[in-house]
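Peer 1: Fold the stuff below for me.
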Amino acid sequence: MSKDDFLIPRLREIARALGIAVTGRSVDALISEIVRATPSPDDLVSYLAIAVINGAVPNPRRVEALTRRWRLEGLAVLLKTECDRANRNRLIVKKNSSPVRVSGGVIVDVTDTGRSTFTTGIQRVARETLTRWVGLHEVQCVSWTQDGRSLHRVTPLEYERATLHPAPESLSGEPPVVIPFRATFVLPEIAVDHERALRIRTIAEFSGSRTVAVGFDTIPVTSAETAGAGMPGAFSKYLATLARFSSVATISSAAQIEYVGWRSMLPSTGLVGPEIVQVDLPAGIGEVSVETVERVRHDLELDDVNVVLAVGSHEPRKNHLRLLVAAELRWRQGDQFALVMVGGNSWDTSRFDAMVERLRAAGRPIILLSNASDEVVWSLYRIARFSVFCSLNEGFGLPIVESLASGTPVVTSDFGSMRELGEGYGAVLADPHDAYSMARAMGELLSGDEVLERMRREAENLPLRSWDTYADRLWLLVDPTTRD
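Peer 2: Here you go, the predicted model:
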């Protein structure tokens, strides 16, 4: 590929995005036509030019630096310099020759969801939302390259993982680079990778796009002691990106309080911050047949045994080490049950793993499942006598409402969003910092059927909200023109 074959399509793409009719057939002629049509220095145009020519979203400092250079030396110098730089990089690294497409419309970043097989937490929220959006709205799914610098149209596999729909034929072939411009950019995940977060900030600041994020919680800041090494700092940089967003949709009243408090600090930095809108996650459960439930029961050898279920990763914040202690206290009291723990995507699990090994060696029935399918998870909620979700901090706590919506009582923490979701709806509350408190709560549901049946009746009063409703409410933030 020659220099002209590489650069001319990109310059034409810049002109198309700006609404400039060009006729030039050379790099210099196209640059001249773009310069004549854009006389005033503008960060929006600087962003577009550098992103398209280089096939990558720049960091914010480069956009600002290019606009300053434009004021001093003119747009023609800027464009020629960037063209030479992009061509040199192409020749040196033997890449960066993918087609580049400037895109408006709704662009959804599914980088983690498209690459993950996990079925809980953030990935569940993203998938349940997207599987509904793609059937009703024009949505373009994108993911970042491994270096966090370029956005690409998703691959067929990423699309299927993120949307739970078969990939359309249009996704075949080499994925083009996508440059958001005067678009609506949606982030249904968290972005704590430094390069990815920095370049999403560029999109929010300079692309002329509306930007909407789902606000799950601020736990890496408010409960930094439970976060992995480096996460509090990385999450703070992610918050610096969200500070430039248009809207953040918080998943609960607890998350709303956290994000409103964070935004209240931004004026001291000269920023207004995003609109904070509470869009509660739904309380619902997936459909599964009786035959499937019985097959899962048989496959996991759970016939004729009480099942205590825990859904969530085994990271320290989920408090699974104390759950093992509480379970052992119940086993020592003579209670008979199997502890089934569904989770993955964990870190710092060495103490948890060692304790599981010791308890299993002592004959305790503990089943660990990772990457369980939805039908297995839904079946286990129905098989379980009750579930336990005694996290140390949660923005919402999907396993609580999923368990209660299945008619299965839950032992959960006695504060925050977890108390808000479960109290009065089939939850027994416990102090998650005290294994004896957790064991006593478990004992209430293991020792007889009276409390269990009362909690099941309470669970029938859980206000059910569907994923359809959640997806529709979130879409109103993405496209406010759809409001009645």
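Peer 1: so residue 351 makes contact with residue 321?
Peer 2: Yes: assessed by Cβ atoms under 8 Å, residue 351 is found in contact with residue 321 at 5.8 Å. For glycine as for every other residue, the C-beta is placed from the backbone atoms N, C-alpha and C.
Peer 1: So which of those two has more stuff around it?
Peer 2: Neighbours were counted for residue 351 and for residue 321 using other Cβ atoms under 10 Å; residue 321 has more, 17 against 12.
Peer 1: Let me see the contact set for the more buried one.
Peer 2: Shown in contact with residue 321 (Cβ atoms under 8 Å, 6 or more residues apart in numbering): 351, 352, 355.
Peer 1: Specify the local secondary structure of the last one.
Peer 2: I take that to be residue 355. helix (DSSP: H, G, I helix; E, B strand; the rest coil).
Peer 1: Quick one: the helices in the stretch 1-150 of the chain, in order.
Peer 2: 3-18, 27-37, 43-54, 60-73, 75-93, 111-115, 121-136 (DSSP state H, counting those that start in this stretch).
Peer 1: Kindly compare burial across those helices and name the winner.
Peer 2: helix 43-54 (a mean of 24; mean count of other Cβ atoms under 10 Å).
Peer 1: Tell me who's in contact with the closest residue to residue 249 other than its chain neighbours.
Peer 2: Once flanking residues are discounted, residue 249 sits nearest to residue 279: 4.3 Å by Cβ to Cβ, 6 or more residues apart in numbering. With contact taken as Cβ under 8 Å, 6+ apart, residue 279 is in contact with 249, 250, 251, 470, 473, 474, 477.
Peer 1: out of those residues, which are inside helices?
Peer 2: Counted as lying in helices by DSSP state H, out of these, are 470, 473, 474, 477.
Peer 1: what's the helix or strand for residue 399?
Peer 2: Residue 399 belongs to helix 398-405 when assigned by DSSP states H and E.
Peer 1: what does residue 325 give?
Peer 2: Residue 325 belongs to helix 320-332, assigned by DSSP H and E.
Peer 1: Same check on residue 468?
Peer 2: Counting by DSSP H and E, residue 468 is found in helix 467-478.
Peer 1: before we move on, back to that, from the ones in helices among the contacts of residue 279, list the buried ones, please.
Peer 2: With burial judged by 16 or more other Cβ atoms under 10 Å, the buried subset of the ones in helices among the contacts of residue 279 is 470, 473, 474, 477.
Peer 1: picking that back up, and the helices of the stretch 1-150 of the chain as CSV, adding mean pLDDT and distance to residue 299?
Peer 2: Shown next, in CSV, are these (pLDDT from 0 to 100; distance: least, Cβ to Cβ, whole Å):
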stretch, mean pLDDT, distance to residue 299
helix 3-18, 93, 53
helix 27-37, 96, 63
helix 43-54, 97, 50
helix 60-73, 96, 52
helix 75-93, 87, 49
helix 111-115, 95, 27
helix 121-136, 92, 22
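Peer 1: right, so of those helices, which gets closest to residue 266?
Peer 2: helix 60-73 (16.5 Å; Cβ to Cβ).
Peer 1: Show me the strands in the stretch 301-450 of the chain, by range?
Peer 2: Assigned by DSSP state E, counting those that start in this stretch, the stretch 301-450 of the chain shows strands spanning 307-311, 338-342, 366-369, 386-389, 410-413, 427-430.
Peer 1: What strands line up against the fifth one, and which way round?
Peer 2: When pairing is defined by DSSP bridges, strand 410-413 lines up against strand 386-389 (parallel), strand 427-430 (parallel).
Peer 1: Go through those and pick out the most buried.
Peer 2: Ranked by mean neighbour count, the strands paired with strand 410-413 are led by strand 386-389 with a mean of 28 (mean count of other Cβ under 10 Å).
Peer 1: quick one: contacts of it?
Peer 2: Against strand 386-389 from outside (Cβ under 8 Å, 6+ apart): 308-312, 323, 326, 381, 397, 399-400, 403, 408-413, 418, 428, 438, 442, 445, 452, 455.
Peer 1: most centrally placed residue in the protein?
Peer 2: residue 189 (1.8 Å; Cα atoms, centre = their mean).
Peer 1: ok, for that residue, nearest residue in space, not its chain neighbours?
Peer 2: Here the residue nearest residue 189, using Cβ to Cβ, 6+ apart, is residue 112, at 4.9 Å.
Peer 1: contacting residues around that neighbour?
Peer 2: Per Cβ under 8 Å, 6+ apart, neighbours of residue 112: 122, 123, 189.
Peer 1: Quickly find the element holding residue 233.
Peer 2: helix 231-242.
Peer 1: can you state the direction angle for that helix and helix 60-73?
Peer 2: Interaxial angle of helix 231-242 relative to helix 60-73 (axes from the mean of the first three to the mean of the last three Cα atoms, to 10 degrees): 40 degrees.
Peer 1: give me the low-pLDDT residue ranges for the protein?
Peer 2: 1, 92-97, 119-120, 345, 483-484 (pLDDT under 70).
Peer 1: now do 80
Peer 2: Applying pLDDT under 80 to the chain flags the ranges 1-2, 91-97, 117-121, 226-228, 283-286, 344-348, 482-484.
Peer 1: care to break it down by domain?
Peer 2: As given by automatic domain parsing, the domain ranges for the chain are 3-97, 101-282+470-482, 290-459.
Peer 1: How far does the second one sit from its chain's centre?
Peer 2: Relative to the mean C-alpha coordinate of its chain, domain 101-282+470-482 is positioned 6 Å out (Cα atoms, centre = their mean, to the nearest Å).
Peer 1: Need the distance between the two termini of stretch 224-234.
Peer 2: Stretch 224-234 has an end-to-end distance of 11 Å (Cα to Cα, to the nearest Å).
Peer 1: what does stretch 275-290 give?
Peer 2: End-to-end for stretch 275-290, by Cα to Cα: 44 Å.
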